[in-house]
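Visitor: mind looking at a prediction? Sequence and model below.
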Amino acid sequence: MAYNHRKAELQWIAWKQQEENQLRELGMDEQAIQSLRTYDREQFNRERRYLQRWQEAPETAEGCSPEPAGLFPQTPDKLLDGIENEQLLKVLQAADRLTLEMLLLRMQGYSNREIAHRYGLQEMAVVNRIARLRKKIKNIF
């Protein structure tokens, strides 16, 4: 579903009018109310730009929006190559490849639902695999 700027703006305006009326009733001076309105408008515009970019981002075949390449390792092998802590490396090497791939996708910002959809698993299966790996990692630190 596409981001509807006009609908969001009308909701924001209604919210601001209600908030400003309450502030006036409480005796806040007009200059402070206007500076708060300016700040809130900047925040609204930032969020609007973010949501528009998110909606316009191309989707992969699995229906997941990709993160920019280069921020995280793209394969489990590259992930393991970058680990310097020997204990952590042993734990990650002991994990199966599917769990490492799921971990990489979580690091890239994909939701459990998106990961489950990609691999044809239940969402709780993804949650459990990552939780078990996280528990093993916590035990070494």
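Guide: Yep, that arrived. None of these values were measured; they are calculated from a predicted model. Numbers count the residues shown, from 1 in each chain.

Visitor: low-confidence regions, this structure specifically.
Guide: Applying pLDDT under 70 to the chain picks out residues 1-3, 54-71.

Visitor: where do the helices of it begin and end?
Guide: Using DSSP state H, the helices of the chain run over 5-25, 30-56, 76-81, 86-94, 97-107, 112-119, 123-140.

Visitor: how close does the most centrally placed residue in the chain get to residue 115?
Guide: Closest residue to the average C-alpha location of the chain: residue 109 at 5.2 Å, with CA atoms, centre = their mean. Computed as CB to CB, to the nearest Å, the residue 109 to residue 115 distance reads 11 Å. From N, CA and C alone the C-beta is placed, and that goes for glycine too.

Visitor: can you check residue 46 too?
Guide: Counting by CB to CB, the gap from residue 46 to residue 115 is 28 Å.

Visitor: among these two, which residue is more densely surrounded?
Guide: Per other CB atoms under 10 Å, whichever of residue 46 and residue 115 has more neighbours is residue 115, with 25 against 10.

Visitor: wait, what's in contact with that one?
Guide: Going by CB atoms under 8 Å, 6 or more residues apart in numbering, residue 115 touches 102, 105, 106, 121, 126.

Visitor: and for residue 104?
Guide: Residue 104 touches 72, 73, 74, 75, 76, 79, counting by CB under 8 Å, 6+ apart.

Visitor: among those, the buried ones, what's the PyMOL command?
Guide: Under the burial definition 16 or more other CB atoms under 10 Å, those of the contacts of residue 104 that qualify are selected in PyMOL by:
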select buried, resi 72+73+76+79
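
Visitor: in the contacts of residue 104, find the pair that's most separated.
Guide: Pairwise distances across those peak at 11.6 Å for 72 and 76 (criterion: CB to CB).

Visitor: sorry, back to before: can you put the contacts of residue 104 in a markdown table and add distance to residue 26?
Guide: Listed next are those as a markdown table, based on distance: CB to CB, whole Å:
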| residue | distance to residue 26 |
| --- | --- |
| 72 | 47 |
| 73 | 52 |
| 74 | 53 |
| 75 | 57 |
| 76 | 57 |
| 79 | 53 |
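
Visitor: before I go, just wanted to say thanks for your time.
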